[in-house]
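[1] build me a model:
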Amino acid sequence: MSSIIVLALLTGVPLQAQAQKVTDRSKQKKIAESERADLRQKLTTLKRSIDKTETAKSSAASALAKSEEAISDAQRNLRDLAEEQQQTQARLNELSQQQAALQKIVEAQQSQLARLLREQYVAGNEDRIKLLLSGDNPNRINRELQYMGYISRAQAALIEALRTNLAKIEDNQAAVQNTKEELDEIAAEARDQHAILQKEKAQRATLLAQLSNKLVAQRKEAGNIERDEQRLASLVDKLAVLIQEQRKAEAAAAEKRRQERAARAREEREKRLAQAKKRGAPDEQASSGKISNPNAIEDDEPPSKTLARNELTPDASVQDGAFAALRGRLRLPIRGDLIAKFGSKRGDGPSWKGLFIRANEGTEVKAIAAGRVIFAEWLRGFGNLIIVDHGSQYMTIYGNNQSVLKHAGDAVKAGDVIASTGNSGGNEQSGLYFEMRHQGRAFDPLGWVTIR
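    Residues are numbered from 1 along each chain as shown. This is a model prediction of the structure:
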């Protein structure tokens with residue numbers, strides 16, 4: 001009987017339940033893409049200006065560019081999808097836990113409501129009339145009526161709470177279903193990206209087999225090495241200008257806001273002074289402060305160290321702050337064998353402007369310190385290249401990657417994985433080319449890092 005009464009009370013009253021809105025993935029991606037669009041457009045213009053200064057001579061390495069960029073994009077997309085899948089699965093787990101908790105609450109409320117309804121059914125409305133006509137002690141009658149009223153109010157409150165929780169369960173079920181569909185969508189997209197990756201890797205292997213002799217000849221040509229270095233130097237210089245322009249714009253906006261605040265403060269002060277004069281109070285005294293300029297950063301290049309095997313990579317223990325203060329506490333971006341150092345000669349060509357660390361293909365490349373990615377594209381001579389700006393005109397450069405895993409504009413912390421090693425750009429060995437620059441000039445990284 002009680003279950004029939006509960007069902008009768010709960011039916012006929014529409015639950016105003018709306019499915020919990022799960023953020024649309026495509027909308028999220030559009031927002032993120034829009035935020036990066038301005039920087040990417042500036043970088044595209046910058047790259048075109050560099051390309052115009054180069055000769056139209058065909059290069060074997062350039063023939064690989066499209067394939068290597070596609071491999072990098074596919075691997076970056078797969079990594080992004082894996083992170084998105086992990087976050088979505090965590091959200092699904094949380095929703096499932098909420099659903100189980102709500103179900104327990106509803107079951108307890110249903111049992112409590114059934115008990116109240118059973119008590120009321122057994123007592124019946126006739127008991128109230130009998131009690132009023134009994135001629136019994138008025139105090140006792142009043143107490144009994146108050147108790148009956150309490151049961152009725154408790155019953156009404158419990159019914160309302162039960163309806164609310166049932167609506168929450170309905171919302172939660174819709175959110176669970178939407179999240180499961182989102183996971184299916186991510187999995188399908190990951191399968192597509194994996195197929196693209198395998199196709200591009202096979203195409204690159206075919207190209208390498210066809211162009212191997214030409215690549216060897218071009219690597220031995222000193223002029224090609226010099227042009228590659230000039231290309232990178234030109235890119236770094238143009239990026240430095242772009243960074244300065246952005247910082248000037250940010251500083252101008254901040255100064256405008258400061259002036260507006262100062263103007264409002266002056267107006268308020270003048271009003272207070274005027275009111276104080278009317279009252280005959282003394283004038284307020286203004287205070288001022290000075291902002292000191294930061295100290296200049298020295299950029300002495302310490303002597304080179306010997307070649308070594310590195311096992312120590314960056315992690316979150318490297319604190320954020322001024323990059324110059326991290327000198328001597330940084331780590332190389334990957335585990336591997338240091339086979340070329342800054343300043344050493346490479347055959348008949350120019351000396352190395354950075355380090356080359358040999359490592360297996362696919363080894364994780366980590367940012368050596370906090371900063372912002374300002375370039376993440378393919379560049380002739382350096383393959384899939386990523387450049388991180390650390391402020392105060394310091395940059396780190398990571399080249400010959402199989403894939404770059406960050407986008408231009410992304411903020412990174414020390415130890416964040418930003419790329420994976422390879423031999424893109426026509427390099428003979430798999431590994432990482434690593435440079436450090438200050439004010440556009442390359443300097444020896446070995447004076448800044450700890451190798452272990």
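[2] across the sheet, point out what pairs with residue 388.
    Residues found in beta-bridge contact with residue 388 (criterion: DSSP bridges) are residue 373, residue 396.
[3] strands of this structure, residue ranges please.
    Ranges of strands within the chain are 309-310, 330-331, 336-340, 355-358, 364-366, 371-379, 383-391, 394-404, 411-412, 417-421, 431-438, 441-443, 449-450, based on DSSP state E.
[4] out of those strands, nearest to residue 78?
    Shortest distance between residue 78 and those, using Cβ to Cβ, is found for strand 394-404: 9.1 Å. Where you see a C-beta, it was placed from the backbone N, CA and C, and this is true even at glycine.
[5] pLDDT averaged over the closest one - what is it?
    The average of the pLDDT scores along strand 394-404 is 94.
[6] that one to strand 371-379, inter-axis angle?
    Angular relation of strand 394-404 and strand 371-379 on a 0 to 180 degree scale: 50 degrees, by axes from the mean of the first three to the mean of the last three Cα atoms, to 10 degrees.
[7] what comes up buried for strand 394-404?
    Within strand 394-404, the residues that qualify as buried are 394-404, counting by 16 or more other Cβ atoms under 10 Å.
[8] quickly check those for the two that are furthest apart.
    The span of the buried residues of strand 394-404, defined through Cβ to Cβ, is set by 394 and 402 at 25.8 Å.
[9] where does pLDDT dip in the protein?
    1-63, 119-152, 210-228, 246-247, 250-251, 276-306, 347-348 (pLDDT under 70).
[10] residue ranges of the helices in it, please?
    For the chain, applying DSSP state H gives helices covering 2-10, 25-52, 60-123, 126-133, 138-220, 222-279.
[11] can I get stretch 357-366 in PDB, CA atoms only?
    Listed next in PDB are the C-alpha coordinates belonging to stretch 357-366 (Å, rounded to 0.1, in the frame of the first residue of the first chain):
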ATOM      1  CA  ILE A 357      72.400  15.300 -28.100                       C
ATOM      2  CA  ARG A 358      72.000  11.900 -29.700                       C
ATOM      3  CA  ALA A 359      68.900   9.900 -28.600                       C
ATOM      4  CA  ASN A 360      66.400   7.300 -29.800                       C
ATOM      5  CA  GLU A 361      63.600   8.500 -32.000                       C
ATOM      6  CA  GLY A 362      60.600   9.500 -29.900                       C
ATOM      7  CA  THR A 363      62.500  10.500 -26.800                       C
ATOM      8  CA  GLU A 364      60.600  13.200 -24.800                       C
ATOM      9  CA  VAL A 365      62.000  16.700 -25.100                       C
ATOM     10  CA  LYS A 366      61.300  18.900 -22.000                       C
END
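[12] who's in contact with it?
    Applying Cβ atoms under 8 Å, 6 or more residues apart in numbering, the set of residues contacting stretch 357-366 from outside is 310, 313-315, 332-339, 386, 398, 401-402, 414-423, 429-432, 434.
[13] thought residue 169 was touching residue 105?
    No - the pair residue 169 and residue 105 fails to qualify as a contact (Cβ atoms under 8 Å) at a distance of 9.3 Å.
[14] before we move on, back to that, for residue 195, find the nearest of the strands of the chain.
    Across the strands of the chain, residue 195 has its closest neighbour in strand 394-404 (16.1 Å, Cβ to Cβ).
[15] next up, phi/psi of residue 318, please.
    Backbone torsions of residue 318, given as degrees, to the nearest 10, read phi -80, psi 110.
[16] picking up where we left off before, can you tell me which of the strands of the chain comes nearest to residue 265?
    For the strands of the chain, proximity to residue 265 was assessed by Cβ to Cβ; strand 383-391 is nearest, at 30.4 Å.
[17] angle of that closest one against helix 60-123?
    Counting by the same axes, to 10 degrees, strand 383-391 lies at 70 degrees to helix 60-123.
[18] what's the nearest residue in space to residue 394 that is not next to it in sequence in contact with, if anything?
    Nearest in space to residue 394, with sequence neighbours left out and distances taken as Cβ to Cβ, 6 or more residues apart in numbering, is residue 323 at 4.4 Å. Applying Cβ under 8 Å, 6+ apart, one finds that residue 323 lies in contact with 369, 371, 390-392, 394.
[19] give me the neighbour count for residue 390.
    A count of neighbours around residue 390, defined by other Cβ atoms under 10 Å, yields 21.
[20] I figured it was touching residue 371, is that so?
    Yes - contact criterion Cβ under 8 Å: residue 390 and residue 371 qualify, at 4.1 Å.
[21] identify the contacts common to the two.
    323, 396.
[22] circling back to that earlier point, look up how far residue 448 lies from the residue nearest to residue 394.
    As for residue 323, its distance to residue 448 is 9 Å (criterion: Cβ to Cβ, to the nearest Å).
[23] let me see the domain layout of this structure.
    Per the record's domain assignment (automatic domain parsing), the chain is made up of the domains 61-217, 307-450.
[24] buried residues, stretch 415-435. List them.
    Quick answer for stretch 415-435 (16+ other Cβ under 10 Å): 415-427, 430-435.
[25] same check, this time on stretch 85-96
    Buried residues in stretch 85-96, defined by neighbour count with 16+ other Cβ under 10 Å: 85, 88, 91-92, 95.
[26] now, which of those sits nearest residue 343?
    Proximity of these to residue 343, judged by Cβ to Cβ, is greatest for residue 85, which lies at 45.1 Å.
[27] touching, the closest one and residue 189? I think so.
    No - using Cβ under 8 Å, residue 85 makes no contact with residue 189, being 9.6 Å away.
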